[in-house]
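> need the 3D shape of this:
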Amino acid sequence: MNISFRSLVSLASIAALASLGSVASAADWGSLSGQIVLDGEVPEVKILVRKGDATARDAAVCAKEDLKDESLVVDPETKAIGNVVVYLTKAPKAIHPDLKAGKTATVEFDNQACTFVPRVIAVQTGQPIKVLNTDAVAHNVHTYSTKNTAVNFLVQPGNKTGVPLKGTEQERVPFKVTCDIHPWMLGHWMVCDHPYFAVTGKDGKFTIENLPAGEEIEVRMWQERSGYVQKPAKMTLKPGANDLGTIKVPLASFNK
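Here you go, the predicted model:
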């Protein structure tokens, strides 16, 4: 087969352009960030168990300090809302190469001073969860999952080894976790079948890294008292940083 020098140059140019296109495509990843804050006056925090309440179960441990209602965590100065789960409704078509193996870091869920710490966690399917008990009294962990198999087991006092668990199915929304021994204890777990999720900290901020730019995604933001803090939003990200800025949630949303 005879190929002219001009043809070789053309083929080389096409190959080079294809290579550049591949590199550019691989670099088209973006991050999504924002801050969720309360729009309204910060409500008074209720006390679930009073310090020194001898009638409380396991009072020596559970009534050592006031136990506050943490179903809505708001910073009194900035009005930032913590424990909001931000996640994609479904896995995007493109997953960043660094995330294809899935998240493998163990997430700890502790029974601490008769509260769950952290109160809200999010994990990827297959990601290990370790349930601990720092307290000197027994607790049980009772999950109310819809897709994953629900569990209900005792965690012995001072168990620092932890009880291992894993979520295997994507959940539509976070599910509640309780301690039947201490009925005021409440937490929530979210299980996603992809690595694109976050939980806001006390500063109300979240960042989700390495999302595919140019692909339409649907983002949900969920809080335990309000449910969705806003309607699920469809968006297409640009490469690099995508900042949603301050997302204000009316106080009425939490009075359901």
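
> could you give the mean pLDDT of stretch 222-229?
The predicted model assigns stretch 222-229 a mean pLDDT of 96.

> end to end, how far does that stretch reach?
End-to-end distance of stretch 222-229 (Cα to Cα, to the nearest Å): 6 Å.

> stretch 126-146 now?
Start to finish, the residues bounding stretch 126-146 are 17 Å apart (Cα to Cα).

> for that stretch, what is the distance to the chain centroid?
Averaging C-alpha positions (Cα atoms, centre = their mean, to the nearest Å) puts stretch 126-146 17 Å from its chain's average.

> then stretch 231-241?
Centroid separation for stretch 231-241 versus its chain: 18 Å, with Cα atoms, centre = their mean.

> residues in contact with that stretch: which ones?
Residues from elsewhere that reach stretch 231-241, judged by Cβ atoms under 8 Å, 6 or more residues apart in numbering: 27-33, 89, 211-220. The C-beta positions use only the backbone N, C-alpha and C, and glycine is treated the same way.

> show me where the stretch 151-256 of the chain has its strands.
Ranges of strands within the stretch 151-256 of the chain are 152-155, 163-166, 175-178, 186-192, 197-199, 205-212, 216-223, 227-228, 233-236, 240-250, based on DSSP state E, counting those that start in this stretch.

> now render those as a markdown table, adding mean neighbour count and distance to Ser71.
Shown next, in a markdown table, are the strands of the stretch 151-256 of the chain (neighbours: other Cβ atoms under 10 Å; distance: least, Cβ to Cβ, whole Å):
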| stretch | mean neighbour count | distance to Ser71 |
| --- | --- | --- |
| strand 152-155 | 14 | 22 |
| strand 163-166 | 15 | 23 |
| strand 175-178 | 18 | 11 |
| strand 186-192 | 23 | 7 |
| strand 197-199 | 20 | 15 |
| strand 205-212 | 18 | 19 |
| strand 216-223 | 19 | 9 |
| strand 227-228 | 12 | 12 |
| strand 233-236 | 12 | 24 |
| strand 240-250 | 14 | 14 |
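
> what about Val84, how many neighbours?
Neighbours of Val84 under the rule other Cβ atoms under 10 Å: 25.

> do I have it right that it meets Phe206?
Yes. At 7.3 Å, Val84 counts as touching Phe206 under the criterion of Cβ atoms under 8 Å.

> overlap of the contact sets of these two?
The contact lists of Val84 and Phe206 share 36, 199-200, where a contact means Cβ under 8 Å, 6+ apart.
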